[in-house]
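>>> pasting the sequence and the predicted model now:
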Amino acid sequence: MTTTQPDAGTRPTPAASGRSRSMSRLRQRLAPYGFLSPTGVLLAVLMVTPILMVIWYSLFDRAITRPSTQLVGFDNYLEVLSDDVFWVAVRNTLVFTSSSVIAHFVLGLAFALMLNSELLSPRTRAAFRVLYILPWLFTVAITAVLWRLILNPNGVVNYLLGVLGLGSGQVEWLSSPSTALAAVTFINIWSGYPFFMVSLLAGLQGIPKDLYEAATVDGAGPWQRFVNVTIPHLWPIILSMALLDFIWTTQQFALIWMTTGGGPINATEMLSTFIYKIAFTEYDFSVASAAAVIVLLLSMVMAVFYVRHQKARN
Amino acid sequence: MSNGARRMRGLAALTGIAALGLAACSGGDEAPANGEHDEVTLEFTQWWEPELPDGEFRALIDRFEEENPGITVELLSGPYAATREQVVAGAAAGTMSDVVGLDGAWVNDFAQQGSIADLSQIMSEAGYDDSQILSQVQVDGATYMIPVVNFVYPMFTNDEMLAEAGVDAPPSTRSEFVQAAEQVTALGDNRYGWVLPLSLETPNGIQNDVMSWVWASGGSMLTDAGQPALVDNDAVTSAVEHVQQLWDAGAVAPGAFTMKEQDKVEEFTNERVAMMISSLAHVNLIREQNPDLDFSIAAIPAEDGYTGERGIPFASWGIGISANSEHPQEAWKLVEFLMSESVNAELASMANAFPGNSDSVPDFVSEDELFGAAFEIYQAGYPANEFTGLPVAEQLMRSFSEELQKALDGQQSLVDALQAAQSRWEEEF
């Protein structure tokens, strides 16, 4: 039997072994950053850089379109904040968004409860599931064209109302300043509720049946079961969805633009259409950037709530 | 190599590839490769090719390439809206194509920005005689855009509906127009005399359907110095009063505040309105969608007693050259080719438009009665579109539309509307 011993010449000295250990520790410490770096690069290029550029433009006079521009500080912000139309857009956006989110929730929950009900046969439920989810499958452009036709003074809605004797049959739903905001809000509710419905349905299907049985044994009626079992279990989903929906709806542009263009007058002017007009018809990218930064700050408030809520859940 | 080290290197390589990929994605603002030194490739961004019959525009450009060996033209075609965004982005980034299709409404902004070239200078360097060019869009006395073909906006009338309302001939004065519109509206059955698109998304109704009344009576919305003249201007005041009169009489089709140009044509095609001011380009569409519709074309009615020349609104397919083009001479050759008598007539025939070259006569004028009538109106009057070449022209139309909507909705008087629009326009000028 022979034994081999490591060559004394290649044996690491205490100093070398310490270096190797510290290198290994350094590698271990850096490894997570290495894994994160592709995402980091993507975020830096696609998110941070454009945001910083927009903030940068907002501090200059007529950035992009003039060969030489000068720093004007917060003048563009003052211009936006002193514009009456901006405040009209803020008010309209709040009305549009709040109404949409509340209606999305109410309709989504009602339809989800119906689709989760044992009272309907599986086939009927499947048919309704397809029917209710349809609005979500249309792209915004299709939704806008469809509803422009339906709500046209010569459209289906006026025809039906006329036949039923419920009006003059000539209501200008999208063209009258008194009904336009309600009409676009309705269209947005129609196109957005299925997202709530699908998420809440998934939540409902995850609630154990035992809980309902136990509640029934304890003498709870349908309403009490809904309030004390269903809602508490759905609450995290409701909160997440409401916050996300609020953020998304404040950014709704295409639907408004393609149905009313922010009009009539400024009855449906939203922050998104307000910014678009400054940027792409006045070509004043600096003022548009300032308005966009203000909207970014407002959105960040909601985003902070969302992140806090997610952290609390975790 | 330890597993850890291998992983680290792998990661580093992955990150490097990702970064390179992104760098590659964000690059691409260099001039196109021209291949041989004596070969020149021109980029030509426009929205015309998709609007013409398949392959016809390319065939025209192929002919240019044959006549000009060494020059290749790369057509960058897209819908109007996409082209506009592409040209705006190109102007901002300094990467505009050598030759660009332009709308008159964009010219002032691009000229101020320095992104389109001074064509007056290029023409004089090339020794070009510009007398055959019908009109040129100028900013501060220099030409920046040449209208290649023009789409005029005459009045369309549904003759059957007018006859049913007891109107024998298309109206030629404003009072005749109001009377005819009221008579048609009185027929009931959801039919109206006139249609007025005032959408804020595409506010060109102000140019085509409102200011056209001013130009048809020889009026102007600008001072001699080219500044806004909306107040204390009888021509503008009487035109908007005429619009208000039609509105108050209930003779305007409902839905005006969000109506767009295509909605207007649809209302006319579906026989819900008897009269509209619209582009000649819509004739074929109307015939296709309602072959039985009995309609004709006439000049836009003028103020009672007006006998002078009538301005007829028009929209153009304009052309310009990028200020950053490395081949302005070759780019000019392309412009010159498209403006030449025979090619311009050919292009106008393809587009059912009127030529930008005053000597060109398109085929359809003699072949089609309606187009023939429109050509007579065109030649009897003068092309008028004062929005062409104005700063932020689309925004001017939008702000005017907002103020007019407020007046029609009863929120302010017409005088206040014109005053407010004047202030808003002055800010933009």
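Sure thing, it's come through.
>>> contacts only, for B:L404.
Neighbouring residues of B:L404 by CB atoms under 8 Å, 6 or more residues apart in numbering or on different chains: B:198, B:206, B:210, B:240, B:243, B:417, B:421. Yep, even glycine has a C-beta here, placed from its N, CA and C like the rest.
>>> and it, which of the three is it?
helix (DSSP: H, G, I helix; E, B strand; the rest coil).
>>> relative to B:D416, how far out is it?
Using CB to CB, to the nearest Å, B:L404 is found at 11 Å from B:D416.
>>> and the contacts of B:L404 near chain A, which?
Near chain A, judged by CB under 8 Å from any CB of the partner chain, the entries from the contacts of B:L404 are B:L198.
>>> can you list phi and psi of B:P355 for me?
Here is the backbone geometry of B:P355 (degrees, to the nearest 10): phi -70, psi 150.
>>> with adjacent residues omitted, what lies nearest to it?
Excluding the flanking residues, the one nearest B:P355 by CB to CB, 6 or more residues apart in numbering or on different chains is B:A348, at 4.1 Å.
>>> which helices and strands does the host helix or strand of that neighbour pack with?
Taking DSSP states H and E as the definition, B:A348 sits inside helix B:341-351. Using 3 or more CB pairs under 8 Å, 6 or more residues apart in numbering or on different chains; DSSP states H and E, the elements in contact with helix B:341-351 are helix B:56-67, strand B:142-152, helix B:328-339, strand B:354-355.
>>> export those to TSV and append columns for mean pLDDT.
TSV is the format used below for those (pLDDT from 0 to 100):
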stretch	mean pLDDT
helix B:56-67	94
strand B:142-152	92
helix B:328-339	94
strand B:354-355	88
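>>> want to try JSON lines for those, with mean neighbour count as columns?
Formatted as JSON lines, the helices and strands packed on helix B:341-351 follow (neighbours: other CB atoms under 10 Å in any protein chain shown):
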{"stretch": "helix B:56-67", "mean neighbour count": "15"}
{"stretch": "strand B:142-152", "mean neighbour count": "24"}
{"stretch": "helix B:328-339", "mean neighbour count": "20"}
{"stretch": "strand B:354-355", "mean neighbour count": "26"}
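>>> which one, of those, ends up nearest to B:G311?
Checking the helices and strands packed on helix B:341-351 against B:G311 by CB to CB gives strand B:142-152 as the closest, at 10.5 Å.
>>> how about that closest one, does it reach chain A?
No. Between strand B:142-152 and chain A, judged by CB under 8 Å from any CB, nothing touches; the nearest distance is 15.4 Å.
>>> quick one: work out the angle between that strand and helix B:328-339.
30 degrees (axes from the mean of the first three to the mean of the last three CA atoms, to 10 degrees).
>>> and the next element down the chain from strand B:142-152?
Defined by DSSP H and E, the subsequent element after strand B:142-152 is strand B:155-158.
>>> pairing partners for that next one, with directions?
Here strand B:155-158 has these sheet partners by DSSP bridges: strand B:273-277 (antiparallel), strand B:295-298 (antiparallel).
>>> if we can go back for a sec, can you pick the most crowded of the contacts of B:L404?
B:L198 (29 neighbours; other CB atoms under 10 Å in any protein chain shown).
>>> just say helix, strand or coil for that one.
Criterion first, three-state DSSP; result for B:L198: coil.
>>> contacting residues for it?
Neighbours of B:L198 in contact, by CB under 8 Å, 6+ apart: A:263-264, B:205-206, B:256-259, B:401, B:404-405.
>>> how near is B:I146 to B:N385?
Taken as CB to CB, the span from B:I146 to B:N385 is 14 Å.
>>> B:L52: neighbouring residues, count only.
16.
>>> and the pLDDT for it?
B:L52 carries a pLDDT value of 84.
>>> if I look at it, how far off is chain A?
To chain A, B:L52 is 24 Å away according to CB to the nearest CB, to the nearest Å.
>>> contacts only, for that residue.
B:350-351.
>>> and the residue in the stretch 51-200 of chain B that chain A sits nearest to, backbone torsions?
Nearest residue of the stretch 51-200 of chain B to chain A, counting by CB to the nearest CB: B:L200, 3.8 Å away. Main-chain torsions, B:L200, degrees, to the nearest 10: phi -80, psi -10.
>>> element containing the closest residue to A:I237 other than its chain neighbours, please.
Sequence neighbours aside, A:G203 is the residue nearest to A:I237 in space, at 4.4 Å (criterion: CB to CB, 6+ apart). A:G203 belongs to helix A:180-205 when assigned by DSSP H and E.
>>> surely A:N152 meets B:G255?
Yes. If you go by CB atoms under 8 Å, A:N152 and B:G255 touch, sitting 6.3 Å apart.
>>> the more surrounded of the two?
Each of A:N152 and B:G255 has its neighbours counted (other CB under 10 Å); B:G255 has more, 28 against 23.
>>> any idea how far the more buried one lies from chain A?
Taking CB to the nearest CB, one finds B:G255 at 5 Å from chain A.
>>> wait, what's in contact with that residue?
Taking CB under 8 Å, 6+ apart, one finds A:152-153, A:172, A:174-175, B:263 in contact with B:G255.
>>> which one of these sits closest to B:R272?
Nearest to B:R272, judged by CB to CB, of the contacts of B:G255 is A:P153 at 9.5 Å.
>>> tell me the SS of the closest one?
Once three-state DSSP is applied, A:P153 turns out coil.
>>> just to revisit the earlier point, TSV for the strands paired with strand B:155-158, including mean neighbour count?
Output for these, formatted as TSV (neighbours: other CB under 10 Å):
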stretch	mean neighbour count
strand B:273-277	27
strand B:295-298	20
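>>> and these, which one averages the lowest pLDDT?
Minimum mean pLDDT among these: strand B:295-298, a mean of 93.
>>> sorry, back to before: most neighbours, which of the contacts of B:G255?
The most neighbours of any of these, using other CB under 10 Å, belong to A:L174, which has 27 neighbours.
>>> okay, and that residue sits in which element?
Using DSSP H and E, no helix or strand contains A:L174.
>>> what's near enough to touch it?
By CB under 8 Å, 6+ apart, the neighbours of A:L174 are A:148, A:151, A:180, A:183-184, A:259-260, B:255, B:258.
>>> kindly write the PyMOL command that selects the buried subset of these.
To isolate the buried members of the contacts of A:L174 in PyMOL, using 16 or more other CB atoms under 10 Å in any protein chain shown:
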select buried, (chain A and resi 148+151+180+183+184+259+260) or (chain B and resi 255+258)
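>>> packing partners of the helix or strand where B:Q138 lies?
Using DSSP H and E, B:Q138 maps to strand B:137-139. Strand B:137-139 sits against helix B:104-113, strand B:142-152, with contacts defined as 3+ CB pairs under 8 Å, 6+ apart.
>>> contact partners of that strand?
Contacts of strand B:137-139 (CB under 8 Å, 6+ apart): B:104, B:107-108, B:111-112, B:120, B:143-147, B:318, B:388-389.
>>> quick check: the farthest pair among the residues you listed?
B:Q112 and B:P147 (19.9 Å).
>>> ok, the residue most central in space within chain B - contacts?
Nearest to the mean C-alpha position of chain B, by CA atoms, centre = their mean, lies B:A315 at 3.5 Å. Counting by CB under 8 Å, 6+ apart, B:A315 touches B:103-104, B:150-151, B:153, B:204, B:208, B:279, B:385.
>>> recalculate using a threshold of 7 Å.
With contact set as CB atoms under 7 Å, 6 or more residues apart in numbering or on different chains, B:A315 has these partners: B:151, B:279.
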